[in-house]
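*Asks:* model the structure of this input:
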Amino acid sequence: MSSHLVGVGVGPGDPELVTVKGVNALRAADVVVVPVMDTGERGRAEATVLHYVPGEKVVRVVFALNERTDRARREAAWDAAGERVAALLRDHGSVAFATIGDPNVYSTFTYLAQTVGELVPGTVVETVPGITAMQDLAARSGAVLTEGTEPLTLVPVTAGAAVLKEALAGPGTVVAYKFGRQAAEVAEALRETGRLDDAVWGSALGLPEESVRPAAELDGGPLPYLSTLIAPARRDGGRGGKL
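*Replies:* Got it, this is the predicted structure:
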């Protein structure tokens, strides 16, 4: 029988936002892998998964999620993670990888699946979509992501504040991910492009420490790394936009 690797999006942290299909995939797998930065931590993906599967079925695999300066160390850590998951596939046959958000949106799963496919030829790879942080933040804040023919631009601020500023200068709604460490630059970009007043940011969505605030309250202080920003499109108040 061929090995089966499925990436399951478990949403931004609220266990109620895991889809029925996602829960079924987690329960059907022989092993559920969760990514961690070190073996002593319980990450957000694991905390969500444990609402639906027993702890003995969950395996933590260390990824160099925060390593951005030492490429060799990062590559070695990722290779080790791939080898670990490949070994689990050989031993068990069916592995689910739980990832925050969606497995096809800035997820560690895409890299893992490529590595594992090379180590275990013939592996069947699937994904189960998950609710993203921008969708959850829109629901919790009342921000509308798109109307009519408006474009939607998603920017990881790890690519640099200049990339975000360019997107903010354009049309439509702009969503920024992972901007916590560059909150001051993000606030300045919003001011310079006239997008500050309607923007909103959030972190730890669905968790006890959740924060959803107007972007106008950004004071340059540090925020959680996984903070999300929505800068809605400039709208004239007409109903339905340009349908």
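
*Asks:* quick check: closest non-adjacent residue to the residue nearest the centre of the chain.
*Replies:* Against the mean C-alpha coordinate of the chain, by CA atoms, centre = their mean, the closest residue is residue 101 at 4.2 Å. Sequence neighbours aside, residue 132 is the residue nearest to residue 101 in space, at 4.9 Å (criterion: CB to CB, 6 or more residues apart in numbering). (Glycine included, C-beta is placed from N, CA and C.)

*Asks:* residue contacts, the one you found?
*Replies:* 11, 12, 101, 102, 105 (CB atoms under 8 Å, 6 or more residues apart in numbering).

*Asks:* show me what contacts the third one?
*Replies:* When contacts are counted by CB under 8 Å, 6+ apart, residue 101 touches 9, 11, 12, 107, 130, 131, 132, 133.

*Asks:* beta-bridge partners for it, please?
*Replies:* Per DSSP bridges, the residues bridged to residue 101 are residue 11.

*Asks:* outline the domain layout of the protein.
*Replies:* 4-128, 133-231 (automatic domain parsing).

*Asks:* against which helices or strands is the lowest-mean-pLDDT helix or strand in the chain packed?
*Replies:* Least confident helix or strand of the chain, by mean pLDDT, DSSP states H and E, is helix 71-92 with a mean of 88. Contacts defined by 3 or more CB pairs under 8 Å, 6 or more residues apart in numbering; DSSP states H and E place helix 71-92 against strand 4-9, strand 31-36, strand 58-62, strand 94-99, helix 108-119.

*Asks:* buried ones in that helix, by neighbour count?
*Replies:* Within helix 71-92, the residues that count as buried by 16 or more other CB atoms under 10 Å are 74, 77, 78, 81, 82, 84, 85, 86, 88, 89.

*Asks:* can you pull the alpha-carbon coordinates of that helix into CSV?
*Replies:* C-alpha atoms of helix 71-92 as CSV (Å, rounded to 0.1, in the frame of the first residue of the first chain):
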residue,chain,number,x,y,z
ARG,A,71,20.7,29.1,6.2
ALA,A,72,22.8,26.0,6.7
ARG,A,73,21.3,25.4,10.1
ARG,A,74,17.8,26.0,8.8
GLU,A,75,18.3,23.6,5.9
ALA,A,76,19.7,20.9,8.2
ALA,A,77,16.7,21.3,10.6
TRP,A,78,14.3,21.1,7.7
ASP,A,79,16.0,18.0,6.3
ALA,A,80,15.8,16.4,9.8
ALA,A,81,12.1,17.2,10.0
GLY,A,82,11.5,15.6,6.6
GLU,A,83,13.4,12.5,7.6
ARG,A,84,11.4,12.2,10.7
VAL,A,85,8.0,12.4,8.9
ALA,A,86,9.3,10.0,6.2
ALA,A,87,10.1,7.5,8.9
LEU,A,88,6.6,7.9,10.4
LEU,A,89,5.2,7.2,6.9
ARG,A,90,7.3,4.1,6.5
ASP,A,91,6.2,2.8,9.9
HIS,A,92,2.6,3.8,9.9
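
*Asks:* contacts for that helix next, please.
*Replies:* In contact with helix 71-92 (CB under 8 Å, 6+ apart) are residues 3-5, 30-31, 33, 35, 59, 61-64, 67-68, 95, 97, 111-112, 115-116, 119-120, 123.

*Asks:* please consider this matter closed, and thank you.
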